[in-house]
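> below are the sequence and a predicted model for it; my questions follow.
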Amino acid sequence: MDIDIKELIKAATEGFDLSNFKGDVVAVKYVENEFGNIEPGGIGIQINNGNAAEASSNPDAADGVIPERLKTEEAEELMDKLVDAGMLTEEWQANGLSCSERALLAKNVCDKLKINDVWQVFGMLWNERPETLRSYFNKALDQKKSLKYQDKLKNVLG
């Protein structure tokens, strides 16, 4: 009997209910289109620390709060441009961007705003470890498809 492992995992992930899970929450998702480093048809696994129910019901938790340095007039002008381009929401959340694209966006915004601790600022905002975000940036620099996105960012940000 031949078993397609991707189909098996896809079927298994569709029924996960993590709302009552305590401790480290693991979210597993079947990926239909390319997402970050995951090929179409692959399986993405995300590990968040804490309680899934609390994380999803408390938008004012430390992660996701907009840092003061992104509340300046200059920062809000940049955000407006990125919202108009469909890259961000008005809460500074990435809008359909891959991991590499998010990292490139964070670096470009911080360069414009002269913010030195890029990965800490956007890591906290996006609930991502700063080291992980920095590694996405380094990987993006080696990807040919990132050049097109960098050009788009330069055009949007001016």
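Okay, I see it. Numbering: from 1, shown residues only.
> mind checking pLDDT for the residue lying closest to Val156 once chain neighbours are set aside?
Residue nearest to Val156 in three dimensions, not counting chain neighbours: Ala85, with 4.5 Å by Cβ to Cβ, 6 or more residues apart in numbering. Glycine gets a C-beta too; all of them are placed from N, C-alpha and C. Looking at Ala85, its pLDDT is 95.
> relative to Leu97, how far out is Ala85?
Distance, Ala85 to Leu97, using Cβ to Cβ, to the nearest Å: 11 Å.
> circling back: got the phi and psi for the residue nearest to Val156?
Phi and psi for Ala85, reported as degrees, to the nearest 10, are phi -80, psi -10.
> double-check it against Leu157; I have them as touching.
No - Ala85 lies out of contact with Leu157 (Cβ atoms under 8 Å); the separation is 9.1 Å.
> hang on, the earlier thing: quick one: which of Ala85 and Leu97 has more around it?
Per other Cβ atoms under 10 Å, whichever of Ala85 and Leu97 has more neighbours is Leu97, with 18 against 14.
> that one in helix, strand or coil?
Judged by DSSP: H, G, I helix; E, B strand; the rest coil, the three-state class of Leu97 is coil.
> just the helices in the protein please.
All helices of the chain, identified by DSSP state H, fall at 5-13, 52-57, 73-84, 99-113, 118-125, 130-141, 145-157.
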